[in-house]
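**Q** Only the shape, not the letters, is given here:
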């Protein structure tokens, strides 16, 4: 196969991948004053997971934050000009803003722009939404990750959650400090119990490889992912623990349906390479349709119409209620929880083999409804 890139022709995809443009300090074109600014460096260290195993991990960290996994949460408001100044190490890296669509220089895909040896300031604009319009608005759940030797670097831990919060429209007000909307005209949720849920599977063999393993055409096993550790990462966003550690999900608090408090929002970010199935059930093992899907991959579920606004499905007779959610690599779901009464419920994750479809690993966490 011949691959052409600008004025160069390569004999194979391997030659193309190993000859990407690398720049020490690329210049941000048409730079503007940012509304939100972060700095990201890269670290390399062993971290202990909740099953007692320790693994060599690479990830991003802010200068003032701990070296932890997943990488720091980044929150941006719709309408903001966002800047992220990146200081890579351990070889070239990029930051890809998965689900955001900036210009190629700021998309963080080395194949279409450059890989960074020195520093670079990524810049993009979070598009504001408008009630009833399904075609505009950036509010939702995303993530950022390195896009150099992507399968390996993401598996090594170079990923973090990215959330874009909506502007507040006068027709859809919120109680400041207590609730927030998932998108401009979407349902309100309880800020205090907002939860990040990140399924992640780990193949220890991959965690012995170097930064550029496989990029020169050698077979290092990146076509064979055989995980033996299965984790649920995350927790309540308002209470992420400090320290150089893995952020592990142990329990979820949920507000009972029909109560004074708004529902709990779970933001699912699938950070593994296998099909997964999530189920909700009660203490008797019976399925409970308590999960309402309100958005997928940063796009709200709406009732579309040729006439008039496209309302959020939450405000229609066609709410997307379920007890089971299937997802794959890089998928995100925004899920409101509606437990019918106080008590304990359970959320189970199962990881399935791509070919044999057998369950390779599972995890269960308790949902405490009050």
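**A** Looks like it arrived, so ask away. The shown structure was predicted, so the numbers you read here are calculated from the model rather than taken from an experiment.
**Q** Enumerate every residue touching residue 168.
**A** When contacts are counted by Cβ atoms under 8 Å, 6 or more residues apart in numbering, residue 168 touches 174, 181, 184. For the C-beta atoms, the positions are set from N, CA and C on the backbone; glycine is no exception.
**Q** Can you give me the buried ones in stretch 356-370?
**A** Of all the residues in stretch 356-370, those buried under the rule 16 or more other Cβ atoms under 10 Å are 360, 361, 363, 365, 367, 369.
**Q** Over to stretch 87-94?
**A** The neighbour-count check on stretch 87-94 (16+ other Cβ under 10 Å) flags 88, 92, 93, 94 as buried.
**Q** Next, the residues that contact it from outside, please.
**A** 22, 39-42, 44, 58, 86, 108-110, 113-119, 146-148, 153, 158, 211-212.
**Q** What distance do you get for the residue nearest to residue 311 when sequence neighbours are not counted to residue 332?
**A** Setting aside the residues directly before and after it, residue 311 is nearest to residue 303 in space (Cβ to Cβ, 6 or more residues apart in numbering), at 5.2 Å. Separation of residue 303 from residue 332 (Cβ to Cβ, to the nearest Å): 21 Å.
**Q** Between those two, which is the more surrounded one?
**A** Legend: neighbour count by other Cβ atoms under 10 Å for residue 303 and residue 332, higher for residue 332 (23 against 15).
**Q** could you check the distance from the more buried one over to residue 160?
**A** Per Cβ to Cβ, residue 332 is found 13 Å from residue 160.
**Q** Likewise for residue 238?
**A** Here the criterion is Cβ to Cβ. By it, residue 238 lies 17 Å from residue 160.
**Q** Have a look at the two and say which one is more surrounded.
**A** A count of neighbours by other Cβ under 10 Å puts residue 160 above the other of residue 238 and residue 160, at 24 against 10.
**Q** So the more buried one sits against residue 65, correct?
**A** No. Counting by Cβ atoms under 8 Å, residue 160 stays clear of residue 65, with 10.4 Å between them.
**Q** Between those two, which contacts overlap?
**A** Common neighbours of residue 160 and residue 65 (criterion: Cβ under 8 Å, 6+ apart): residue 72.
**Q** Run the chain-centre distance for stretch 166-186.
**A** On the basis of Cα atoms, centre = their mean, to the nearest Å, stretch 166-186 sits 22 Å off its chain's mean C-alpha point.
**Q** so how far is the first residue of it from its last?
**A** 9 Å (Cα to Cα, to the nearest Å).
**Q** Could you do stretch 129-139 as well?
**A** End-to-end distance of stretch 129-139: 7 Å, with Cα to Cα as the criterion.
**Q** cool, stretch 297-304 as well?
**A** End-to-end for stretch 297-304, by Cα to Cα: 18 Å.
**Q** just the strands in the stretch 151-300 of the chain please.
**A** Along the stretch 151-300 of the chain, counting by DSSP state E, counting those that start in this stretch, strands occupy 159-165, 179-181, 188-190, 195-202, 229-236, 251-254, 264-269, 276-282, 291-296, 299-300.
**Q** helices or strands up against the second one?
**A** Counting by 3 or more Cβ pairs under 8 Å, 6 or more residues apart in numbering; DSSP states H and E, the packing neighbours recorded for strand 179-181 are strand 188-190.
**Q** surely residue 211 meets residue 158?
**A** No. Using Cβ under 8 Å, residue 211 is not in contact with residue 158, being 10.6 Å away.
**Q** which one of the two has more residues nearby?
**A** When residue 211 and residue 158 are compared for neighbours, residue 158 comes out ahead with 30 against 17, by other Cβ under 10 Å.
**Q** Quick one: residues contacting that one.
**A** Contacts here follow Cβ under 8 Å, 6+ apart; on that basis residue 158 touches 42, 58, 59, 60, 71, 93, 145, 146.
**Q** which ones are touching the nearest residue to residue 278 once chain neighbours are set aside?
**A** Nearest non-adjacent residue to residue 278, counting by Cβ to Cβ, 6+ apart: residue 325, 4.5 Å away. Neighbouring residues of residue 325 by Cβ under 8 Å, 6+ apart: 268, 277, 278, 291, 293, 333, 335.
**Q** Mind listing the strands the helix or strand encompassing residue 325 pairs with, and their directions?
**A** Using DSSP states H and E, residue 325 falls within strand 324-327. According to DSSP bridges, strand 324-327 has the following sheet partners: strand 276-282 (antiparallel).
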